[in-house]
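Asks: turn this into a structure:
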Amino acid sequence: MKNNMEDIDKLIKETLTQEEAKFYDELDEQNVFQMLGGLFKGKNSWLLIIMNIITAIAFGLLIYCLIQTFDVEETNDLILWVAGVFFCFMMISMLKIFAWMQIHRNALTREIKRLEIQVSSLSR
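Replies: Presented below is the predicted three-dimensional model:
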């Protein structure tokens, strides 16, 4: 299967112009760190920067609530601090899930572009 993919890639690169071949090479698979870096490129980079700041604030608040949980004497206060820990944890989790969904969207867009180039080169 790998030889077939390499043959197809070679065939596609031969049919593309120099500029299209360079663009095709940029669409290659990325590792996790490149995917995370790709979040901060594009139109929504400002949104992810704000989300990371909010995540850091929520993590600090989570640590504070966790410390306060061990210092309380009354059960009602304990329940409130544990609810704060749970809320902060859920907030951080939801923000991270959104970031992973954006990574998936970027990967899917990259694959669609690869398919478009393959179809256009094979149609020539």
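Asks: need the pLDDT of residue 3.
Replies: Model confidence at residue 3, given as pLDDT, is 60.
Asks: go on, the one 5 residues further on?
Replies: We note a pLDDT of 63 for residue 8 in this prediction.
Asks: measure residue 64 to residue 84 for me?
Replies: As judged by CB to CB, to the nearest Å, residue 64 and residue 84 stand 8 Å apart. From N, CA and C alone the C-beta is placed, and that goes for glycine too.
Asks: those two: which has the busier surroundings?
Replies: The residue with more neighbours, out of residue 64 and residue 84, is residue 84; 17 against 14, by other CB atoms under 10 Å.
Asks: find the nearest non-adjacent residue to the more buried one, please.
Replies: Distances taken as CB to CB, 6 or more residues apart in numbering put residue 65 closest to residue 84, at 3.8 Å, once the chain neighbours are dropped.
Asks: was I right to think the one you found contacts residue 88?
Replies: Yes. Assessed by CB atoms under 8 Å, residue 65 is found in contact with residue 88 at 6.3 Å.
Asks: buried set for stretch 77-84?
Replies: Neighbour counts over stretch 77-84 (16 or more other CB atoms under 10 Å) mark 81, 84 as buried.
Asks: right, I mislabeled it, should have said stretch 32-39
Replies: 35, 38, 39.
Asks: which residues sit against it?
Replies: The contact list for stretch 32-39 (CB atoms under 8 Å, 6 or more residues apart in numbering) reads 30, 45, 48, 99, 102, 103, 106, 107.
Asks: now the helices for the protein?
Replies: Assigned by DSSP state H, the chain shows helices spanning 2-15, 18-26, 32-38, 45-71, 75-123.
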